[in-house]
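# predicted coordinates and the sequence they were generated for:
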Amino acid sequence: MKLVKVFLSAIGVVLVCTGAARTDELSCQPTAEIQQILAKHNGEVGARARERGEWAAFERDFLSFLERHPRDVHLHRVYQGFFYPGFSSILPRYEAWAREQPNDLAMLYLYGRLLAMNGKAEAEEPLRKALAIDPDYPWAHLAMVHVANAIRNDPVAALAHWERFLDLCPNNLDGYWQLTQLTNVEPRLARKAATGLRRVLETREPLEVWLLAFYDLLWRTEFDIFPAREHKELRTRLRHDLDRLRVLETRADERSLELLVAGHSMLGNKESLHRVEDLYLNRFPRTKSARDIILARWHAENPRPSGAESTTQKREHFRKLFEVTGEWFERWPDDSGVWMERFRAVRNLDAIPAQHVVSTGRRVSALAAEGEVGGSPPISFQVAQLFVQRRVDLDEVPGLVERGLAEAETHGVRSAKGEAGMAATRWQGQGILADLHVVQGRFEEARALIADLASWLERSSEPATTAEERSVQARRRAELEALRARLARAEGQLRDALRFYGAAIVRSPDYAQRRELLDQASSLWRELGEEETGWASWERSMATRSDVAETMLGNAVTRTLPDFELEDLSGRTWLGENLKGRITFVNVWATWCGPCLDELPEVQKVHDRFRGREDVLVLSVNIDENPGLIAPFVQSHSYTFPVLLGRDYIESVLSGMAVPINWIFDRQGTLRREQRGFSYDPTWNDLVARTIEEVAAEACEAPEAASK
């Protein structure tokens, strides 16, 4: 406390003597002496001091530096950062200094900066006062970027202040970090910032650890703002950067190797990427990044099965996954990602011992309750279904259903889909409880719940107007019939159960659901002692009686999307008018989207199917945040369909970024079909082709009708 008072006294004297004077010509950059101080007393060192209980001594040292350099902005900025995010303990000090010396640029800025970081609109007053005294005071401009962007929601003013700071302090990296905060930066200004950042980094020696994040920022920014036709040149620059940064391979710090992995991921050279990944894994085998590398490699070598694989192939895949998660647990025993991999394996393997089912289910449910994992249906619903199917931990199921409803609220089902979304979630929960009563032999309670579900379905089933609505209603009817089948089977009414299974199969619009129902019906067929030759005939009869199979892809729509100008990975520019004159199939996807990865091989088949057709165009639009990752991904999977870079465009035309999405446009460029999501179906490729031909036929019929 005594040292703080001395510091206050010293700074007061200095402020009286200096008045409104600028610091010096090096105000944008710390002096060599300050750099030496901050090398040993930065944010990371301060955080470690708090963890070790050594904060008091650390702060005394830092305040002694401030006593010797009471107006040094760089020291004060680091000192303020020690108290993030509240700043309540230091705000009165800076307020007092700014009030006592109202014309001091440094104190006006530092007080305004604290207010701004606390989200206070009052931050604008001291900052504008500083700029009135000196319009070229750079730090006030930098703080005003945050005020305008995050508090006033004035992006134009934020960009103006940002550009002014870049002009005044082109060698200060704090300005370039705003690339992570600002949106809708015009291409000219983004290029200016990227060019400036590259120039600064190329002149910085030696490579300091705190600089590493700026390299990753630079690479992402360059791939984002420079057109795809320049990406080949960008990768040449990236290769030179990585050659220069190769010295990092000898370092023992984690961030250095993480940067190299990020850079080589964008470079697209598998051999060099694996080399630096191996370096990282050897030195940091138990980190989250190491987990990401190990899991990505395993899944690349063991692609997850699609619906096309046989039951034996799927079982083998999940058996291997179950075994390897045991190895992963040795490194990451509490990792949510590894537990979810184990959960996937357990759900898909019937012969897993009960103790593994229980321990895995309880763990992932706890992770869901902590907000560590999420899914649709809610994770707790998935665990409850698993427990009922395997007849384990049944007393926990009602509580799991309650937690699942809470998860749905937490993960925004109501906000995203309204009351209808929550109603659908409650439907799922009631179905799980009905199955629970069946396996517990509480048949009357199960029958009552099934009756409630049937009544709810009749009340809520308004006439469907879209393919999506028809599919939802059909799936629920199939689920209801399946519940009836399981109840009848449990009561020993095997013939009735087979009839209900048949009704469910006929009504189901979903290939995976039909396969599951057919497996259950096949088991029942054998239980009835029927001949195997009769089963094939019964199965065929279900296929011919199906009353829900769609004749076209997705929903019929009539909508014109805004015009666009997008580049593909080869650098070709595509315009909205390029869609006119032919039927166009468009797939919207991302590298991080699991269903997209399942669907892309099917998209390639559609592209191959229509190759050479002048009247049909097949292309895709990618929405990844980091465009540098797209070309390596496409190349590694040998996809040949055009890939347009369209994150901003898709974000502007859709209310959400849920993918995959499939669109089909007619010859006038009007959107005619829309499908959201993907679930494997061996007929999907034929369905797409048939829908393309239908849209083409509709386009031909329209002019004829008009002429009549």
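Okay, I see it.

# mind checking what secondary structure Glu262 has?
No, residue 262 isn't Glu; it's Ala. helix (DSSP: H, G, I helix; E, B strand; the rest coil).

# verify the stated contact: it with Trp219.
Yes: using C-beta atoms under 8 Å, Ala262 is in contact with Trp219, at 7.4 Å. Every C-beta, even on glycine, is put in place using the N, C-alpha and C of the backbone.

# compare the two (neighbour count), which wins?
Between Ala262 and Trp219, counting by other C-beta atoms under 10 Å, Trp219 is the more crowded of the two (26 against 20).

# flag the shaky bits of the stretch 51-200 of the chain, pLDDT-wise.
For the stretch 51-200 of the chain, no stretch has pLDDT under 70.

# hmm, back to that, next, show the common contact partners of Ala262 and Trp219.
The overlap between the contact sets of Ala262 and Trp219 (C-beta atoms under 8 Å, 6 or more residues apart in numbering) is empty.

# for the most centrally placed residue in the chain, give me the pLDDT.
Residue closest to the average C-alpha location in the chain (C-alpha atoms, centre = their mean): Trp592, at 6.7 Å. Note for Trp592: predicted pLDDT of 92.

# for Ser707, same thing?
46.

# now swap in Thr465 and tell me
For Thr465, pLDDT reads 71.

# for the residue nearest to the residue nearest to the centre of the chain when sequence neighbours are not counted, the count of nearby residues, please.
Distances taken as C-beta to C-beta, 6 or more residues apart in numbering put Asp624 closest to Trp592, at 7.2 Å, once the chain neighbours are dropped. Residues within reach of Asp624, counting by other C-beta under 10 Å, total 18.

# quick one: list the elements packing against the helix or strand where Trp328 lies.
Secondary structure from DSSP states H and E places Trp328 in helix 311-331. On a contact count with 3 or more C-beta pairs under 8 Å, 6 or more residues apart in numbering; DSSP states H and E, helix 311-331 meets helix 288-301, helix 336-347.

# and the ones you listed: which comes nearest Gln668?
helix 288-301 (42.0 Å; C-beta to C-beta).

# which strands and helices sit next to that closest one?
Partner elements for helix 288-301 (3+ C-beta pairs under 8 Å, 6+ apart): helix 254-267, helix 270-283, helix 311-331, helix 336-347.

# do I have it right that Asn685 meets Val603?
No: in this structure, Asn685 is not within contact of Val603 by C-beta under 8 Å, at 9.3 Å.

# which phi and psi does the residue nearest to the centre of the chain have?
phi -90, psi 0 (degrees, to the nearest 10).

# ok, now Thr287?
phi -80, psi 170.

# for Val634, which non-adjacent residue is closest in space?
Per C-beta to C-beta, 6+ apart, closest to Val634 is Val643, 5.7 Å.

# in contact with that neighbour, which residues?
Contacts of Val643 by C-beta under 8 Å, 6+ apart are 568-569, 619-622, 630, 634.

# in helices, which of the residues you listed appear?
630, 634 (DSSP state H).

# for the strand or helix carrying Trp456, buried residues please.
Element membership for Trp456 (DSSP H and E) is helix 443-460. With burial defined by 16 or more other C-beta atoms under 10 Å, the residues of helix 443-460 counted as buried are 446-447, 449-450, 453-454, 456.

# repeat for stretch 314-323
Neighbour-count burial for stretch 314-323 [16+ other C-beta under 10 Å]: 314-315, 317-318, 321-322.

# how about stretch 688-701?
Buried, per 16+ other C-beta under 10 Å, within stretch 688-701: 688-689, 691-692, 694-696, 699.

# now it: average pLDDT?
The model assigns stretch 688-701 a mean pLDDT of 84.

# okay, that stretch in CSV with CA atoms only?
Extracted in CSV, the C-alpha atoms of stretch 688-701 (Å, rounded to 0.1, in the frame of the first residue of the first chain):
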residue,chain,number,x,y,z
VAL,A,688,-31.4,-36.0,-56.9
ALA,A,689,-31.2,-37.0,-60.5
ARG,A,690,-35.0,-37.5,-60.7
THR,A,691,-35.6,-34.1,-59.1
ILE,A,692,-33.2,-32.3,-61.5
GLU,A,693,-35.2,-33.9,-64.4
GLU,A,694,-38.5,-32.9,-62.8
VAL,A,695,-37.4,-29.3,-62.4
ALA,A,696,-36.2,-29.3,-66.0
ALA,A,697,-39.6,-30.6,-67.1
GLU,A,698,-41.4,-28.0,-65.1
ALA,A,699,-39.3,-25.3,-66.8
CYS,A,700,-40.3,-26.7,-70.2
GLU,A,701,-44.0,-26.8,-69.3
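
# about what we covered before: phi first, then psi, for the residue nearest to Val634.
phi -120, psi 110.

# would you mind measuring from it to Asp253?
36 Å (C-beta to C-beta, to the nearest Å).

# all strands for the stretch 501-650 of the chain, in order.
555-559, 565-567, 573-575, 583-589, 616-622, 643-645 (DSSP state E, counting those that start in this stretch).

# okay, those strands in CSV with mean pLDDT and distance to Arg667 next?
Below are the strands of the stretch 501-650 of the chain laid out as CSV (pLDDT from 0 to 100; distance: least, C-beta to C-beta, whole Å):
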stretch, mean pLDDT, distance to Arg667
strand 555-559, 87, 14
strand 565-567, 95, 20
strand 573-575, 95, 16
strand 583-589, 97, 7
strand 616-622, 96, 10
strand 643-645, 97, 20
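
# same list, these, but as JSON lines with distance to Ala464 please.
Compiled in JSON lines, those are given as follows (distance: least, C-beta to C-beta, whole Å):
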{"stretch": "strand 555-559", "distance to Ala464": "10"}
{"stretch": "strand 565-567", "distance to Ala464": "34"}
{"stretch": "strand 573-575", "distance to Ala464": "35"}
{"stretch": "strand 583-589", "distance to Ala464": "24"}
{"stretch": "strand 616-622", "distance to Ala464": "29"}
{"stretch": "strand 643-645", "distance to Ala464": "33"}
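
# just give the closest residue to Tyr109, not the sequence neighbours.
Using C-beta to C-beta, 6+ apart, the closest residue to Tyr109 is Trp139 (4.6 Å).

# how many residues are close by that neighbour?
Considering only other C-beta under 10 Å, Trp139 is surrounded by 28 other residues.

# that one belongs to a helix?
Yes: Trp139 sits within a helix when classified using three-state DSSP.

# picking up where we left off before, out of Asn685 and Val603, which sits in the more crowded spot?
Per other C-beta under 10 Å, whichever of Asn685 and Val603 has more neighbours is Val603, with 25 against 16.

# look up how far Arg128 lies from the nearest residue to the more buried one once chain neighbours are set aside.
Leaving aside its sequence neighbours, Val603 sits nearest to Asn587 (C-beta to C-beta, 6+ apart; 4.8 Å). According to C-beta to C-beta, Asn587 stands 50 Å off from Arg128.
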